[in-house]
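**Student:** Give me a model of this one.
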Amino acid sequence: MEESAFKYSVLASGSSGNVFYLESPQKKILVDAGLSGKKIENLLSQVDRNIADIDALLITHEHKDHVAGLGVLARKYKFDLYANQETWDAIGESCGKIAPEQKNVFEMGKTLTFGDLDIESFGVSHDAAAPQFYKFMKDGKSFVMLTDTGYVSDRMIGTIENADAYLMESNHDIEILRMGGYPWRIKQRILSDHGHLSNEDGAKAAIDVIGNKTKKIFLGHRSQQNNIKELAHMTMVNTLMQNDIDARNEVKVFDTSHIEASPLFDI
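**Tutor:** Below is the predicted model:
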């Protein structure tokens, strides 16, 4: 049997916490640690993986739903940590003391090699110090994470187009958000160019980036208060179909959860 380039699981994705896992034959990597250390350990166990085997943890930005468990995991497991310098500065002491030798700088727009994986960072538009997400590449295959952005620029599209699979933000339904109980200033933030992609914006971004290699889209960072899973799913599927993309056979759409890990997928 042919060995897959890499495997991955969306361990948790949502406004309450985000963790992503990816493994190649040589490396096991987490992206973000937005839940407690114990919860992240449990999520990894759902896909039969042990957190003690992690080689590196990449950080996208300093918001709590992405770094809540960072300090505890760093101190307990001593693995290498990667973020850009602005993000390290913004995290500061908020996660407690982290050994300087564990902190590595992964600058925006750069590609680093981790064993048999190449990982490219790219900037997004969000109200954090210097938020960046990641494109994972091996053997001509690629997976792109894209959440926590208010819009998708042409520059971003050029970096991430025609990946094999995407974690694409579907944070909120605009009308549910507008009618909901959030303070107006929070609604303005979410809807702004430095906020989050709505279901419609995430679907439009998917149309802009998917290519003939693309087979899977995972709907990420869904708000528990301002969205409905079925609505987010329907919006993506309908948008794909309206653009002559077969969302049942050609490009499959998957929901993600803030409390339950996705299966471990082969790229």
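
**Student:** Name the residues of stretch 143-161 that come out as buried.
**Tutor:** Neighbour counts using 16 or more other CB atoms under 10 Å place 143, 144, 145, 146, 147, 148, 149, 150, 152, 156, 159, 160 of stretch 143-161 among the buried residues. In this view, the C-beta of every residue, glycine as well, is placed from N, C-alpha and C.

**Student:** Show me the strands in this structure, by range?
**Tutor:** Secondary structure of the chain by DSSP state E: the strands cover 7-12, 19-23, 28-31, 56-58, 80-83, 103-105, 111-114, 117-123, 132-138, 141-146, 165-169, 216-220, 252-255, 265-266.

**Student:** Out of the ones you listed, which is closest to residue 94?
**Tutor:** strand 80-83 (12.8 Å; CB to CB).

**Student:** In CSV, list the strands of the chain along with distance to residue 182.
**Tutor:** Formatted as CSV, the entries for the strands of the chain read as follows, by distance: least, CB to CB, whole Å:
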stretch, distance to residue 182
strand 7-12, 22
strand 19-23, 24
strand 28-31, 27
strand 56-58, 30
strand 80-83, 29
strand 103-105, 34
strand 111-114, 37
strand 117-123, 27
strand 132-138, 25
strand 141-146, 23
strand 165-169, 18
strand 216-220, 20
strand 252-255, 23
strand 265-266, 33
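
**Student:** mind checking which of the ones you listed is nearest residue 89?
**Tutor:** Of all those, strand 80-83 comes closest under CB to CB, at 9.6 Å.

**Student:** Which secondary structure elements does that closest one sit against?
**Tutor:** Judged by 3 or more CB pairs under 8 Å, 6 or more residues apart in numbering; DSSP states H and E, strand 80-83 is in contact with strand 56-58, strand 103-105.

**Student:** tell me the most buried of those strands?
**Tutor:** Most buried of the helices and strands packed on strand 80-83, by mean neighbour count (mean count of other CB atoms under 10 Å): strand 56-58, with a mean of 24.

**Student:** count of neighbours near the closest residue to residue 63 other than its chain neighbours?
**Tutor:** Closest residue to residue 63 apart from its sequence neighbours, by CB to CB, 6 or more residues apart in numbering: residue 128 at 5.9 Å. Counted with other CB atoms under 10 Å, residues neighbouring residue 128 total 18.

**Student:** which ones are touching residue 128?
**Tutor:** By CB atoms under 8 Å, 6 or more residues apart in numbering, the contact list for residue 128 reads 61, 62, 63, 87, 90, 148.

**Student:** since we're on residue 136, how many residues are nearby?
**Tutor:** Neighbourhood size, residue 136 [other CB under 10 Å]: 27.

**Student:** is it in a bridge, and if so with what?
**Tutor:** Residue 136 has these beta-bridge partners by DSSP bridges: residue 119, residue 143.

**Student:** Does it touch residue 119 like I think?
**Tutor:** Yes - using CB atoms under 8 Å, residue 136 is in contact with residue 119, at 5.6 Å.

**Student:** Return the distance of the closest residue to residue 176 other than its chain neighbours relative to residue 15.
**Tutor:** Closest residue to residue 176 apart from its sequence neighbours, by CB to CB, 6+ apart: residue 226 at 5.1 Å. To residue 15, residue 226 is 8 Å away according to CB to CB, to the nearest Å.
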